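1. attaching a predicted model along with its sequence, questions to come.
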Amino acid sequence: MALAISDELLGTFVPIVVYWIYSGMYVAFGSFENYRLHSKKEEEKKNLVSKWEVIKNVLLQQTIQAFLAIILYKVIGNDAAASQSQSSSPFIIARQFVIAMLVLDTWQYFMHRYFHHNKFLYRRFHSHHHKLVVPYAFGAIYNHPLEAFVFDIIGGTLSYILSGMSPRTSIFFFSFATIKSVDDHCGLWLPGNFFHFFFNNNSAYHDVHHNLYGGKYNFSQPFFVMWDRIMGTYMPYSLEKRDEGGFQARPIKRGKE
C-alpha cells in the first residue's frame, strides 16, 4: 500500500529539499571561474563567516520554518485558501502565482529596506546576512532567525492567504520562490539562465546590493524590481568581463552618488 503524504507536508518539506538540490548544483558550477561574479579568492577574503557556520544556520532556520509551516497550514486550513481554489485551471493557478509573487515582493521590499535603514535592526539582525559580502547559493537564506520569521514566514503566509492558493499549489509556488532566491544569491552568471530572460532581478542585480551600494539600493526580492524603481532605490549596473575570468556587476552611479 502506497503511503499517502498530505499536500501540507509536501508544501513544508519539498522546498527544503529543492533548496539543497538546486544550491548543490551551483556549488558544482562554482568551480568554473569564467561564470563567477567574484573570484574564489575574493569570496574567501571578504566573507565574514565560514561555510560550516552558514550550513548550521540554514539548517536551524529550515527546522524552525518547517515546524511553523506545519502549524500555519493547520491553523489556516483549507477554508481560507483552498475554498477559493477548487478549480485546477491553469489560468487560475497562474493568477494565484502572480498575486503571490506581488504580495511576497511587496512585503519583502519594505521589510528589507526598513531593516537596512533602522540602525538597530540592521546591526542586530540583518547584518548577519551581509556577512556574506560575496553571496553563494546555499547561503541564500543565511539570516538571523527572527529576520527569517519576519521576511519568510510572515511574507509566505500573506502570499499564501491573499493569493487564495491551495496547499497543493503552494508546493509549486514555494519551491519556485526557493529556486529563485537561491539563483539570486548564487554568485554566478551562467549563459542561458532561464531566470535572466524573465526577471531583471537576478544574481548580478542582487550582487550590487551585497556590495558597495548595499545599504541604499536594490532591495527588491525575489522576483521583480518594480518597488526599487517606484521608490527610487534602483541601481542600474553594467556586466563586464574581468581580465582574470568571470564577470563583474559594476554599478552605474547616478548624479552625485
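-> Right, received. Where do you want to start? Residues are numbered from 1 along each chain as shown.
2. ok, now which ones touch Gln62?
-> Applying CB atoms under 8 Å, 6 or more residues apart in numbering, we find Gln62 in contact with 16, 19, 141. For glycine as for every other residue, the C-beta is placed from the backbone atoms N, C-alpha and C.
3. would you mind measuring from the residue at minimal distance from the centre of the chain to Gly30?
-> The residue lying closest to the centre of the chain (CA atoms, centre = their mean) is Ser181, at 2.6 Å. Ser181 is 17 Å from Gly30, where distance means CB to CB, to the nearest Å.
4. and Val18, by the same measure?
-> In terms of CB to CB, Val18 sits 18 Å off from Gly30.
5. same question, Ala204
-> 16 Å.
6. if you count what's nearby, which of these two comes out ahead?
-> Ala204 (22 against 17; other CB atoms under 10 Å).
7. tell me the pLDDT of the more buried one.
-> For Ala204, the pLDDT comes out at 94.
8. doesn't Leu239 make contact with it?
-> Yes: in this structure, Ala204 is within contact of Leu239 by CB atoms under 8 Å, at 5.6 Å.
9. find residues that contact each of those two.
-> Joint contacts of Ala204 and Leu239 (CB under 8 Å, 6+ apart) are 189, 247, 249.
10. pull the number of nearby residues for the second one.
-> Read it as Phe247. Neighbours of Phe247 (other CB under 10 Å): 19.
11. contacting residues for it?
-> Counted by CB under 8 Å, 6+ apart, Phe247 has contacts 35-37, 189, 204, 239-241.
12. with Leu188 instead?
-> Contacts of Leu188 by CB under 8 Å, 6+ apart are 26, 29-30, 35-37, 203.
13. any idea what it is bridged to?
-> Beta bridges link Leu188 to Arg36, judged by DSSP bridges.
14. tell me the pLDDT of it.
-> 93.
15. got the buried residues for the helix or strand containing Glu44?
-> For Glu44, the host element (DSSP states H and E) is helix 40-46. Neighbour counts over helix 40-46 (16 or more other CB atoms under 10 Å) mark Glu43 as buried.
16. for the helix or strand following it, which positions count as buried?
-> Past helix 40-46, further along toward the C-terminus, the next helix or strand under DSSP H and E is helix 51-76. Within helix 51-76, the residues that count as buried by 16+ other CB under 10 Å are 51, 54, 57-58, 61-62, 65, 68-70, 72-73, 76.
17. chain center to helix 51-76, what's the gap?
-> 15 Å (CA atoms, centre = their mean, to the nearest Å).
18. go on, stretch 220-239?
-> 14 Å.
19. how about stretch 200-208?
-> For stretch 200-208, the distance to the chain centre is 11 Å (CA atoms, centre = their mean).
20. contacts for that stretch?
-> 37-38, 135, 183-189, 193, 195-196, 214, 217-218, 220-225, 235, 237, 239, 247, 249, 251.
21. send me that stretch as PDB with only the CA atoms.
-> Output in PDB follows, covering the C-alpha atoms of stretch 200-208 (Å, rounded to 0.1, in the frame of the first residue of the first chain):
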ATOM      1  CA  ASN A 200      15.600  41.800 -14.200                       C
ATOM      2  CA  ASN A 201      16.100  40.800 -10.500                       C
ATOM      3  CA  ASN A 202      18.900  38.300 -10.800                       C
ATOM      4  CA  SER A 203      22.300  37.300  -9.400                       C
ATOM      5  CA  ALA A 204      24.100  40.400 -10.800                       C
ATOM      6  CA  TYR A 205      21.300  42.800  -9.600                       C
ATOM      7  CA  HIS A 206      21.400  41.300  -6.100                       C
ATOM      8  CA  ASP A 207      25.200  41.300  -6.100                       C
ATOM      9  CA  VAL A 208      25.200  45.100  -6.400                       C
END
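22. sorry, back to before: can you list the contacts of Leu188 in TSV and add distance to Ala177?
-> Shown next, in TSV, are the contacts of Leu188 (distance: CB to CB, whole Å):
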residue	distance to Ala177
Tyr26	17
Phe29	21
Gly30	22
Tyr35	24
Arg36	24
Leu37	22
Ser203	16
